[in-house]
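A.B. asks: Just to be clear, the model below is a prediction. Sequence and coordinates:
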Amino acid sequence: MSGAPDGEVRLPASLRGVEPVQSVRTPIRLEYDYRPSASAESYLRAYADKRIIGHRSPVDGAVFIPPRGVDPRHGVAISEEVDLPDTGHVGNFCVTHLPIPGRKGLEVPYVSAWIHLDGAAVGFLGLVRGCPTDEVRIGMRVRAVWKPDDELGTTAENILHWEPTGEPDVPLERAGNRSFHASQPDAGGDTGGEADA
Amino acid sequence: MDEAPLRADLILEYPFTRTTGPVVGAFLTGLREGILIGIRRSDGTVMVPPAEYDPVTSEPLTEVVEVGQAGEVVSWTWVDPPRPQSPWDGPHGLALILLDGADTPMFHAVLVDSPGELATGMRVSAVWREEREGHIADLAGFSPEVDA
Amino acid sequence: MREVAVVATALHQVPALTDTTEVQLMVPLINAARAAVGLTQADIGFTCSGSSDFLAGQAFSFVQTLDAVGAFPPICESHVEMDGAFALYEAWVKLQIGEVDTALVFSYGKSSPGSLRDVLALQLDPYFLAPLWPPADAVAALQARLLLESGLVGAQELAEIAVRSQRNAVGNPNAVRSSSKVTVADVMAEAPVADPLRPSDLAAESDGGCAVVLAAGDRARELCGRPAWIRGIGHRIDAHGLGTRDLTRAPSAELATSVAVAAAGLTVDSLDLAELHSPTTSQEAILVRELGLDGSTEVNPSGGALAANTMMAAGLVRIAEAADRIIDGGADRALAHATSGPCLQQNLVCVMAGG
């Protein structure tokens, strides 16, 4: 243990020979009354009707999900809501073999994936199930598996996971972050995402 | 929309365990043992609670000294209601207390029933919890010193 | 020294932002500040922001707020977990180095979802103080009592500071507490909430944000008819432990002021106005003494932080308020102050002039 580089700490007689305290527990807890913004509130309420809402940029029509009221590439406010389908493709994924402490009903290994909905410029996070983990691949078409109607709430948890549709894969050069970009007339433009391969 | 706005509890908890080093550790050891200590600065004054380095000169400090368990209220205020995370269940004073033998005041509670019982210059003495582990709250607070 | 000026500002403060995220708060402010001088993000050489994750309850929350800037293509950017005034200092240094000619500075705080007076307990010593969760107003009250009982300042003076703030704040759209009618007697009659501090002694808590555009030399002259030139800026810090310093004083404020005023080649008594970031009236009384404001300088014409104290932004708001008075021709020389830490531990002073 370091602490007094220029000399040992000298203790008074009353503290010599007793077990020294070397650590202390200082837990903290902070409580917040979290309120989504108006745009996030629309998004959450739409989930209760099994609808998925995105935000369309006034700059170039790119659709962002979740809707945050802003096009992050340009710092421009967005107010136009669009309905997105509950189908898309896997843009990227990860197979995890470690459980999440405190999370029930999630058996390892599980696949978390970046789900690119048809018509969205960016992906969002979801679980892929319904096929062996080693069959999950970039470009695989998936659809949402929703909770039973009587269990739906104003929450993204309504989508239990995403399952394969069996349709042909999206080609790699149009998958993931390239999906929106590749659909633009000027693929080299200032539209975000990665350059075409 | 007519519905009440959506809201959710967001609770952040961090279960920190901090290492103390020998100087802060000595203070916390003292609390567990029911004594109060400070550290001597190069000008001979005693700082309570102690620090590893002089806050003015940044010299390393090494001489831990025991100080008194009673002292004088230098400044005070009143907390009502008590804060939810604090060690206190009821309204209480908070004060800067200059312990006998110390040259800097330390911050802690003064356990009285009303702010009318608090005054700058009043003498107070340490009140210890029975179960002590080496934590600042081993000291329940200070209470007005009973006249000898 | 390279000449650097505030050329545009935008700010917004309200009691609570319940329907707006930090990003949505900052989009119009950042766009307004840039647009006021005809700039887009592509024209900004350096961007620096200030905020605190503990207000949002979200780790690295500032990264998300960069969405409000439009950080694509990638920008040169930095962040401080401090009031935006300290982010402005970093941007000023960047401009001094000469790598860039323009900078965007912004900061924001949305403390309403949490309990700010408890969050602030966590800035205290983590072994001896934070585990006791002293609320921020109680910590300030210990300082206020020392000040009052030292005889340096009377309760009447604190009430006068409260009244001046509320009256000056009338007509300020970014103040959340103002009154043209409040009197010293009214304030003195309030029951203490953190004895000896009364409700009017404590700054009105607000949510909000502020954006400022800085530019150097001729670029500033191109962008703005009357830039608010930063002639001197300094920041200094005192010891952290509450018991290890004289709480009736703020030596770091005095030192930061002398550094800034000397660099500006001015004296304090030549300043037209001073915008002080004082979370309590007692701290304002200390600042007035440490800065040497002698009555010839108008103090907090906006109402100051007492009228709206947006955590992490109130200091940058002081700079914006003072700069605006210069840009609009209402003042020639102004001082803006920002503080951080408990009991005025850290202080920044920015002296600006129109000529």
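C.D. replies: Perfect, I can see it now.

A.B. asks: Give me the most central residue, the chain.
C.D. replies: Here I'm looking at chain A. Chain A has A:Leu125 as the residue nearest its centroid, 3.5 Å off, counting by CA atoms, centre = their mean.

A.B. asks: Wait, chain B was what I had in mind.
C.D. replies: Central residue of chain B (CA atoms, centre = their mean): B:His108, at 3.5 Å.

A.B. asks: starting at the chain centroid, how far to whichever helix or strand that residue is part of?
C.D. replies: If you go by DSSP states H and E, B:His108 is part of strand B:106-110. Averaged C-alpha coordinates place strand B:106-110 at 5 Å from its chain's average position (CA atoms, centre = their mean, to the nearest Å).

A.B. asks: does any part of it sit near chain A?
C.D. replies: No - with CB under 8 Å from any CB of the partner chain as the criterion, chain A is not reached by strand B:106-110; the gap is at least 15.5 Å. For glycine as for every other residue, the C-beta is placed from the backbone atoms N, C-alpha and C.

A.B. asks: Name the residues that touch that strand?
C.D. replies: The contact list for strand B:106-110 (CB atoms under 8 Å, 6 or more residues apart in numbering or on different chains) reads B:48-49, B:73, B:76, B:87-88, B:92-97, B:99, B:118, B:124, B:136, B:139-144, C:128-129, C:132, C:134, C:142, C:242-243.

A.B. asks: Could you pull up the mean pLDDT of that strand?
C.D. replies: With pLDDT averaged residue by residue, strand B:106-110 scores 98.

A.B. asks: what about the longest strand in chain B?
C.D. replies: Counting by DSSP state E, the longest strand found in chain B is strand B:70-79.

A.B. asks: cool, and chain A?
C.D. replies: Counting by DSSP E, the longest strand found in chain A is strand A:87-96.

A.B. asks: can you tell if the longest strand of chain B touches chain C?
C.D. replies: Yes - interface with chain C: strand B:70-79 contributes B:Val74, B:Ser75, B:Trp76, B:Thr77, B:Trp78, B:Val79 (CB under 8 Å from any CB).

A.B. asks: can you tell me which residues contact the last one?
C.D. replies: So that's B:Val79. B:Val79 neighbours (CB under 8 Å, 6+ apart): B:Ser86, B:Trp88, B:Pro91, B:His92, B:Gly93, B:Leu94, C:Pro134, C:Pro135, C:Ala138, C:Ala194.

A.B. asks: Can you name the next helix or strand after the longest helix seen in chain A?
C.D. replies: Longest helix in chain A by number of residues (criterion: DSSP state H): helix A:38-47. Moving toward the C-terminus from helix A:38-47, the next helix or strand (DSSP H and E) is strand A:52-56.

A.B. asks: secondary structure element for A:Leu127?
C.D. replies: A:Leu127 is part of strand A:124-128, with elements assigned from DSSP H and E.

A.B. asks: quick check: angle from the helix or strand just after that strand to helix A:38-47?
C.D. replies: Going down the chain from strand A:124-128, the next helix or strand is strand A:141-146, by DSSP H and E. Relative orientation of strand A:141-146 with respect to helix A:38-47: 80 degrees, computed using axes from the mean of the first three to the mean of the last three CA atoms, to 10 degrees.

A.B. asks: how about strand A:141-146: buried residues?
C.D. replies: By neighbour count on 16 or more other CB atoms under 10 Å in any protein chain shown, the buried set for strand A:141-146 is A:Arg141, A:Val142, A:Arg143, A:Ala144.

A.B. asks: got a markdown table for those, with pLDDT and distance to chain C too?
C.D. replies: Output for those, formatted as a markdown table (pLDDT from 0 to 100; distance: CB to the nearest CB, whole Å):
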| residue | pLDDT | distance to chain C |
| --- | --- | --- |
| A:Arg141 | 98 | 28 |
| A:Val142 | 98 | 27 |
| A:Arg143 | 98 | 29 |
| A:Ala144 | 98 | 25 |
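
A.B. asks: out of these, who's nearest C:Val7?
C.D. replies: Closest approach to C:Val7 among those (CB to CB): A:Ala144, at 49.5 Å.

A.B. asks: For chain A, list the residues in contact with chain C, please.
C.D. replies: Residues of chain A lying near chain C by CB under 8 Å from any CB: A:24, A:26, A:28, A:30-35, A:37-40, A:68-77, A:190, A:192.

A.B. asks: Confirm that B:Ser143 sits in a strand.
C.D. replies: Yes - the assignment for B:Ser143, made by DSSP: H, G, I helix; E, B strand; the rest coil, places it in a strand.

A.B. asks: these two touch, right, it and B:Val127?
C.D. replies: Yes - counting by CB atoms under 8 Å, B:Ser143 does reach B:Val127; the two are 5.1 Å apart.

A.B. asks: Need the overlap of contacts for those two.
C.D. replies: Contacts common to B:Ser143 and B:Val127, judged by CB under 8 Å, 6+ apart, are B:Leu111.

A.B. asks: that older thread, among the residues of chain A next to chain C, filter down to the buried ones and hand me the ChimeraX syntax, if you would.
C.D. replies: Those of these that count as buried under 16+ other CB under 10 Å are selected in ChimeraX with:
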select /A:24,26,28,30,31,32,34,35,37,38,39,40,68,69,70,71,72,73,74,75,77,192
